[in-house]
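Novice: Below are the sequence and a predicted model for it; my questions follow.
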Amino acid sequence: MGDVLTLPHMENRPFDLTLDGTRLATAAPARNGSRAAAVIVTIEENHR
C-alpha cells in the first residue's frame with residue numbers, strides 16, 4: 001500500500017514538500033485511523 005517515509009520532523013508542525021529544491025506545498029502531519037497521513041495546507045503557485 002505504499003512506502004513509509006520517516007521524517008526527522010516534529011509531529012505537531014507543518015513541513016515543506018519540495019521537489020528538486022523547489023517548494024511545492026506545505027503539509028501538516030495527520031492520522032487516518034492507525035495510519036500516518038499528511039494534509040496539504042498550502043500550495044505554491046507556479047511562477048514560470
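Specialist: Cool, the structure landed. Residues are numbered from 1 along each chain as shown.
Novice: Now do residue 28: how many residues are near it, please.
Specialist: Counted by other Cβ atoms under 10 Å, the residues lying close to residue 28 total 15. Where you see a C-beta, it was placed from the backbone N, CA and C, and this is true even at glycine.
Novice: looking at it, it is touching residue 38, isn't it?
Specialist: Yes. Judged on Cβ atoms under 8 Å, residue 28 makes contact with residue 38 at a distance of 6.7 Å.
Novice: Any idea which residue is closest to the centre of this structure?
Specialist: Centrality entry for the chain: nearest residue to the mean C-alpha point is residue 27, 3.8 Å, by Cα atoms, centre = their mean.
Novice: What residues does that residue make contact with?
Specialist: Contacts for residue 27 (Cβ atoms under 8 Å, 6 or more residues apart in numbering) come out as 14-15, 17, 38-41.
Novice: Which members of those are classed as buried?
Specialist: Using 16 or more other Cβ atoms under 10 Å as the burial test, the contacts of residue 27 include 14-15, 17, 38 as buried.
Novice: Out of these, the closest to residue 46 would be?
Specialist: Each of the buried ones among the contacts of residue 27 was scored against residue 46 by Cβ to Cβ, and residue 17 proved nearest at 14.1 Å.
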